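[1] I'll drop the sequence and a predicted model, then ask my questions.
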Amino acid sequence: MTAIKHALQRDIFTPNDERLLSIVNVCKAGKKKRNCFLCATVTTERPVQVNVVKVKKSDKGDFYKRQTAWALRDLAVVDAKDAVKENPEFDLHFDKVYKWVASSTAEKNTFISCIWKLNQRYLRKKIDFINVSSQLLEELPKVAEESVPSGENQSVAGGDEEAVDEYQELNAREEQDIEIMMEGCEYAISNAEAFAEKLSRELQVLDGANIQSIMASEKQVNILMKLLDEALKEVDQIELKLSSYEEMLQSVKEQMDQISESNHLIHLSNTNNVKLLSEIEFLVNHMDLAKGHIKALQEGDLTSSRGIEACTNAADALLQCMNVALRPGHDMLHAVKQQQQRFSDLREQFARRLASHLNSVFVQQGHDQSSTLAQHSVELTLPNHHPFHRDLLRYAKLMEWLKNTDYGKYEGLTKNYMDYLSRLYEREIKDFFEVAKIKMTGTTREGKKFATLPRKESAVKQETESLHGSSGKLTGSTSSLNKLSVQSSGNRRSQSSSLLDMGNMSASDLDVADRTKFDKIFEQVLSELEPLCLAEQDFISKFFKLQQHQSISGTTTNEAEEMDGGTLSRSYTSGIPQTISSEKDMIRQMMTKIFRCIEPELNNLIALGDKIDSFNSLYMLVKMSHHVWTAQNVDPASFLSTTLGNVLVTVKRNFDKCISNQMKQMDEVKISKKSKVGILPFVAEFEEFAALAESIFKNAERRGDLDKAYIKLIRAVFVSVEKVANESQKTPRDVVMMENFHHIFATLSRLKISCLEAEKKEAKQKYTDHLQSYVIYSLGQPLEKLNHFFEGVEARVAQGIREEEVSYQLAFNKQELRKVIKEYPGKEVKKGLDNLYKKVDKHLCEEENLLQVVWHSMQDEFIRQYKHFEGLIARCYPGSGITMEFTIQDILDYCSSIAQSH
């Protein structure tokens, strides 16, 4: 690199009056490696110019050429990329950023250091150096900076040593002195050698004068040496005195050390005594139980409020003493061990006494509550447990203490409470449901007997007792008996209504009264059960301290809990260890065991209601859905919510079964071959069902279930109506379809059921189509010959014969037309219309009252035919003067008089 530097100086920079200070071998970053040199140079003439020159080796020969030069004052930033790690890359920010990669990190650092020194020297620190090690950025000597403020003709401090050896610039003072000397000598410039010899002689003269001056000051030096000797003697005396003082201080130091050691022992003893006193006070204050507390734990009255409060305070104090955090080593003290044993004995004794007392309270509650059941036996209400809860809540804090100190006894009390209360609630709830069943089925206790019979026997028993025991309340109607005649003999509702009809009362009124009564009873049952369960759950949470949702370990249950209708819920499965994830789960398990009879009793009550009247499932679905929705809003995972949800599934099944039974009845319906059909029973039943359902499901949560049932039923009704119409022998098919679809359309229009809008339109269309079909079919008979004649005329015209030429046909000439018209005088037409009216009257039923509608349609159709015949006569027999023997007014008079006469 030195040879290259000299070559560059000689070939490129010397001819340009520049000196090369630093050089680095580089290539452009990210491109093909084509080496070049970056050179830092300064000019030899003033003012000094500092440049960065890019020099490139020629491709054709072994010489270098200057390619690009930048003034150093244009350099803004020098980026060394990394101040810690070695990295050959660096950037120079001139008019744009130039990215370079040096051949070595050392060359890069030397070049950057030279740039920094030039910046300090000539540019007054205008360039920013980033990511550069602090070792490279060395300050220039301050003397050099002060002596040369202008910075001209000075070398770079710490720069290239070779450049400094070759040339050293004079400062301003030196230049001024030389100029004065040269002005005093005339030949200073013309004869430099003589001037140099003169300077040399003057220098020798000055050196001699200096030597003589030094020799003349020898006497003063001797005096100074004497003074120094005297000063040394004084120093020796002072050292002797300091030695004696030091011995004295050493003695004092030894005495002070002894005193300090004695004081340290005394302080250590006092400290130990204070610490011992603190430990004793800690043990006495935290492990000493007052005699009053001990007496309360051993003999305290657990029946009075004051005694319970005293026992609670004593138990809390005992728990604090037992749970005190002992310091290291305390548990090894004999007195501490004795006190802890005493506390354990007190805890065990009081826990035993408390558990025994609470067990006796649970038993007593069962006896006391049983005595109050008699007064509720005739009323549909459940006994109030609030007084019992209020009395037991006084022990809530003691139960919490027992839970924290002796979980085994706490768990035993929990199990005993569930056993006693489950039996008590089972008696209360069963009696309560018996009263509900009695109120649903009748006014005597005999009515409840059939609830335990098999399904078929129960239905017969219920119907028989309803007939004989309550005959004063029952009446019947012939319409119900007519409905019964076309229904399946296996249907419970048909059997029940048939027996009720024998009591001489309107069955529809009875059904409404019974259903309203059932609805109120079922709502009262749910309204009584809900607060009972909520109150008991709230009590369990407060009394057993289970309101905090903390994870605890449950226990195993080694016995299978049997109940009516099945076993207990899955959480009490026999022989399977149960892990209670939270205290909320424990509350639900306790509630499940205590109220294990609620779900089967509700299911039995629901089954009874379904036996009484399958439409009761509508009431039960709405009521149960509302109570489930209310319970889930409070706590979706609670016992009440879960139980009512399970029962709701049963109610929904019964509702679906009710719908299925109605559809089955439609499939099995049979019609009489000897009497007219009229409004089909299942059409009337659908009307009853829809009206009842709309009144029940108004603003109900489960409207979607009803809409689905509507769709199923109405489609089944449509299919069954068409089936019966096809099988009808006595009544024409069109009449059956017309009357029943008119009835369906009227029902849907009145009830305004949104989900059946399409079916309503379909029913109206079917009614209109079959009305038109029946009218056309019936009117073909009164003017039968005239119809046949004009049908022949139309056939000839259709074959291509012109209308005015039809009269030339032998079979359809004017004489034949007059002959046919004479057969239908006004009297004969009126007679035919009268017979038609009687026939229509026989076909139509009275319930739907469509006779006048049909008759008016026939009148319109007859007039339309009359006008059609008149038109054919005018077109085919023009100018013949042939007319019908009756007019349109005659037709209107005939129809009106016939309708009024009947």
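    Yep, that arrived.

[2] so how far is the longest helix along the chain off the chain centroid?
    Across the chain, the helix with the greatest residue count (assigned by DSSP state H) is helix 218-286. Relative to the chain's own centre, helix 218-286 is displaced by 78 Å; criterion: C-alpha atoms, centre = their mean, to the nearest Å.

[3] next structured bit after it?
    Proceeding C-terminally, helix 218-286 gives way to helix 291-299 as the next helix or strand, assigned by DSSP states H and E.

[4] Please state the mean pLDDT value computed over the longest helix of the chain.
    The pLDDT scores in helix 218-286 average 88.

[5] Stretch 539-554 now?
    pLDDT averaged over stretch 539-554 gives 64.

[6] What of stretch 696-704?
    Mean per-residue pLDDT for stretch 696-704: 77.

[7] same check, this time on stretch 773-792
    Here the average pLDDT along stretch 773-792 is 75.

[8] can you pull the buried residues of it?
    Within stretch 773-792, the residues that count as buried by 16 or more other C-beta atoms under 10 Å are 774-775, 778-779, 782-783, 786-787, 789-790. No exception for glycine: its C-beta is placed from N, CA and C like everyone else's.

[9] Quick one: distance of the strand ranked longest in the chain to the chain centre.
    If you go by DSSP state E, the chain has its longest strand at strand 18-28. Distance of strand 18-28 from the chain centroid (C-alpha atoms, centre = their mean) equals 70 Å.

[10] ok, and for that strand, which residues are buried?
    The neighbour-count check on strand 18-28 (16+ other C-beta under 10 Å) flags 18-27 as buried.

[11] strands paired with that strand, and their directions?
    strand 36-43 (antiparallel), strand 97-102 (antiparallel) (DSSP bridges).

[12] Grab the CA positions of that strand and hand them over as PDB.
    Extracted in PDB, the C-alpha atoms of strand 18-28 (Å, rounded to 0.1, in the frame of the first residue of the first chain):
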ATOM      1  CA  GLU A  18      -1.600  18.300  -3.600                       C
ATOM      2  CA  ARG A  19      -0.400  16.100  -0.800                       C
ATOM      3  CA  LEU A  20      -1.900  12.700  -0.200                       C
ATOM      4  CA  LEU A  21      -2.700  12.100   3.500                       C
ATOM      5  CA  SER A  22      -4.700   8.800   3.500                       C
ATOM      6  CA  ILE A  23      -5.700   6.200   1.100                       C
ATOM      7  CA  VAL A  24      -8.200   3.200   1.200                       C
ATOM      8  CA  ASN A  25      -8.800   0.500  -1.400                       C
ATOM      9  CA  VAL A  26     -12.600   0.200  -2.000                       C
ATOM     10  CA  CYS A  27     -15.300  -1.100  -4.300                       C
ATOM     11  CA  LYS A  28     -18.900  -0.200  -4.700                       C
END
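
[13] Could you list the residues in contact with that strand?
    By C-beta atoms under 8 Å, 6 or more residues apart in numbering, the surrounding residues in contact with strand 18-28 are 1, 4-5, 8-9, 13, 33-44, 51, 98-103, 107-108, 110-111, 113-115, 118, 156, 159-160, 163, 167.

[14] Over to stretch 390-406?
    Here stretch 390-406 has contacts from 302, 305, 308, 311-312, 315-316, 319, 322, 347-348, 351, 354-355, 358, 361, 409-410, 413, 539, 542-545, using C-beta under 8 Å, 6+ apart.

[15] Pull out the buried residues from it.
    392, 394-395, 397-403, 405-406.

[16] Mind putting those residues into a markdown table with secondary structure, distance to residue 689 and pLDDT?
    Below are the buried residues of stretch 390-406 laid out as a markdown table (DSSP: H, G, I helix; E, B strand; the rest coil; distance: C-beta to C-beta, whole Å; pLDDT from 0 to 100):
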| residue | secondary structure | distance to residue 689 | pLDDT |
| --- | --- | --- | --- |
| 392 | helix | 50 | 89 |
| 394 | helix | 56 | 90 |
| 395 | helix | 55 | 89 |
| 397 | helix | 58 | 89 |
| 398 | helix | 59 | 88 |
| 399 | helix | 54 | 88 |
| 400 | helix | 56 | 88 |
| 401 | helix | 61 | 89 |
| 402 | helix | 58 | 87 |
| 403 | helix | 56 | 88 |
| 405 | helix | 63 | 86 |
| 406 | coil | 62 | 87 |
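
[17] for the residues you listed, which one is nearest residue 838?
    residue 392 (84.6 Å; C-beta to C-beta).

[18] how far away is the closest one from residue 20?
    Distance, residue 392 to residue 20, using C-beta to C-beta, to the nearest Å: 106 Å.

[19] Let me know which of the strands paired with strand 18-28 is tucked in deepest.
    Burial of the strands paired with strand 18-28 is given as mean neighbour count (mean count of other C-beta atoms under 10 Å); strand 36-43 ranks first at a mean of 22.
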